[in-house]
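Asks: got a predicted model here, sequence first, then my questions.
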Amino acid sequence: MKLRSILFAAIFVATTAYAAAPNDYAQQWPLAERTEGAWAIRLEEAVYRQVQSPSLSDLAAFNDAGENLPFGPMPFSFQTPPSVWRESAWFALPTTTPTEGGDLQLHISRNDSGQLALDASLSHPPQTAVGDVLIDVRGQGEVVDAIALGLTTTAADFSAEISIDASDDLSQWRTVVPSATVAQLRQGGQSLVRRHVEFAPIASTYLRLHALSAGNPIPLATVQLRFQSARASSPLAQRRTLTAEFIGRDGPAYLYRMPARIPVERVNILLGEDNVIADFSISAREPGDRYWSYLGQMGAFRLRGAGLALDNEAMDVPQTRARMWRIEPRVNLTKPPVLEFMYQPEDWLLLTHGRAIYRIVAGSGVAQREQFPLDALIGQVRAHYGRDWQPPVARLGPMSAAGGESALTRPDPARTRRWLLWGVLLLGAAAIVAMVLMLLRNPSASGE
């Protein structure tokens with residue numbers, strides 16, 4: 001009986017669930033808000049830098065008593081709808097003075113190593129080219145954060161500097177983008193195009209594109225605007241940029257590490273030398289994975305000359321948090337390119353209770369966030385505050401150490417429990433075998 005009791009007690013200890021505590025995580029951020037309620041937590045770059053898990057499972061929340069708080073990705077009903085591109089009505093504005101000169105045509109030649117030589121000449125603009133443009137936004141309770149110019153493919157090459165203004169009444173205008181470059185260059189069967197301009201989200205009735213230099217009209221065919229949903233209670237986060245860490249070469253390819261678990265949406269390659277064009281194959285994977293996942297092909301260029309300064313645009317990729325990146329050019333480069341990631345910070349939902357201070361913790365080699373039914377819980381909150389209620393954004397305080405760096409390398413309690421359980425089971429099996437052997441040697445003992 002004693003042996004049986006010991007075995008049961010050991011199995012209970014080995015199978016008891018491990019409850020994570022704040023010091024099982026490397027870093028923590030206190031919330032400025034100290035009242036109970038539902039909050040939207042906007043994940044900052046510092047938070048992404050601490051998270052180790054691709055699924056962000058080592059990101060959690062606790063109250064001052066060390067109790068787990070319901071915390072996780074924003075439920076679908078509260079998520080901001082994805083951005084959408086829509087074609088907009090536009091009108092060419094008459095010029096106030098006769099146009100002198102014409103558009104800038106670039107003649108480009110390239111040698112085998114990818115070096116470009118540029119020279120320029122002037123010609124009269126084609127009839128399809130326009131200068132200033134008025135855009136009727138026609139938003140549906142939305143904000144605009146980007147514009148894409150559809151360029152005519154038969155027009156001559158051009159490069160133009162533009163500004164973008166916004167207005168609600170066609171009388172008072174405010175500057176949204178002081179200066180941006182749009183261009184279309186073709187050479188050797190390739191087309192080098194820069195036609196997107198991004199800016200901080202704005203709500204406006206009209207936009208105006210103004211050519212900053214006379215004589216450089218735009219061969220415009222269509223105008224598209226990118227719309228996002230506007231929510232007064234939860235301002236939209238602007239897209240941000242993070243630079244990758246260059247870690248070495250793999251034959252002709254360049255290898256990089258993404259320093260944070262951000263949700264990458266766009267990738268940009270910045271060449272380190274002037275007047276070069278190169279096509280790249282882009283792949284990504286997790287550390288320790290054997291194979292690379294192909295994400296796409298991208299053309300990069302950096303043109304300087306004849307008064308021109310033009311770089312390529314970023315490329316959209318399927319959203320990923322992969323840490324290792326590989327870009328392979330088709331030409332030899334003398335300097336490693338710079339790899340940049342574009343992303344939009346995510347909003348997570350936090351339900352607070354108990355004693356403040358409430359804190360967000362991140363970064364652990366073993367601890368994982370508890371799973372709470374946030375959709376069901378938030379349904380109760382909406383029943384109290386109303387169907388249209390939205391969680392306000394909470395502010396995070398300065399980062400400080402929780403468990404420190406040791407939390408990233410601490411032994412996994414689950415693995416320890418598994419080994420303990422196996423040890424207990426083997427000990428129990430050995431004890432049973434010993435009892436059987438004893439009975440076989442002394443059959444009379446079984447009748448006692």
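Replies: Now that the structure is in, tell me what you want to look at.

Asks: going by C-alpha atoms from here, please, whenever you check contacts or count neighbours.
Replies: Noted.

Asks: quick one: average confidence on stretch 299-310?
Replies: Stretch 299-310 carries an average pLDDT of 81.

Asks: and the contacts of that stretch?
Replies: 116, 118-120, 159, 181, 192, 269-271, 273-280, 311-313 (Cα atoms under 8 Å, 6 or more residues apart in numbering).

Asks: now the strands for the stretch 201-350 of the chain?
Replies: Per DSSP state E, counting those that start in this stretch, the stretch 201-350 of the chain carries strands over the ranges 206-211, 220-229, 240-243, 245-250, 253-257, 264-270, 276-285, 293-305, 308-311, 315-320, 324-329, 338-343, 347-352.

Asks: among those, which is nearest Ala407?
Replies: strand 253-257 (21.8 Å; Cα to Cα).

Asks: can you give me the helices in this structure?
Replies: Ranges of helices in the chain, per DSSP state H, are 2-15, 45-50, 374-385, 406-409, 413-441.

Asks: what's the distance between Gly379 and Pro373?
Replies: 10 Å (Cα to Cα, to the nearest Å).

Asks: more neighbours: which of those two?
Replies: Neighbours were counted for Gly379 and for Pro373 using other Cα atoms under 10 Å; Gly379 has more, 14 against 11.

Asks: domain-wise, how is this protein divided?
Replies: Domain assignment of the chain by automatic domain parsing yields the ranges 2-74+350-409, 84-229, 240-343.

Asks: got the strands of the stretch 201-350 of the chain as a markdown table, with mean neighbour count and distance to Ala383 columns?
Replies: Shown next, in a markdown table, are the strands of the stretch 201-350 of the chain (neighbours: other Cα atoms under 10 Å; distance: least, Cα to Cα, whole Å):
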| stretch | mean neighbour count | distance to Ala383 |
| --- | --- | --- |
| strand 206-211 | 21 | 39 |
| strand 220-229 | 20 | 24 |
| strand 240-243 | 16 | 35 |
| strand 245-250 | 14 | 47 |
| strand 253-257 | 20 | 45 |
| strand 264-270 | 20 | 35 |
| strand 276-285 | 20 | 43 |
| strand 293-305 | 17 | 43 |
| strand 308-311 | 18 | 52 |
| strand 315-320 | 14 | 34 |
| strand 324-329 | 22 | 44 |
| strand 338-343 | 19 | 33 |
| strand 347-352 | 22 | 15 |
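
Asks: in a markdown table: those strands, plus distance to Ala367.
Replies: As requested, the strands of the stretch 201-350 of the chain are exported to a markdown table (distance: least, Cα to Cα, whole Å):
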| stretch | distance to Ala367 |
| --- | --- |
| strand 206-211 | 50 |
| strand 220-229 | 36 |
| strand 240-243 | 27 |
| strand 245-250 | 27 |
| strand 253-257 | 24 |
| strand 264-270 | 25 |
| strand 276-285 | 23 |
| strand 293-305 | 28 |
| strand 308-311 | 44 |
| strand 315-320 | 23 |
| strand 324-329 | 23 |
| strand 338-343 | 26 |
| strand 347-352 | 18 |
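
Asks: quick one: closest of those to Ser57.
Replies: strand 347-352 (12.7 Å).

Asks: by contact count, what packs against that closest one?
Replies: On a contact count with 3 or more Cα pairs under 8 Å, 6 or more residues apart in numbering; DSSP states H and E, strand 347-352 meets strand 37-42, strand 71-73.

Asks: quick one on the thing from earlier: and the strands of the stretch 201-350 of the chain, which one averages the lowest pLDDT?
Replies: The bottom spot among the strands of the stretch 201-350 of the chain, by mean pLDDT, belongs to strand 308-311, with a mean of 80.

Asks: tell me the strands beside that strand, with direction?
Replies: strand 293-305 (antiparallel) (DSSP bridges).

Asks: how far is the strand it pairs with from where the chain is centred?
Replies: 20 Å (Cα atoms, centre = their mean, to the nearest Å).
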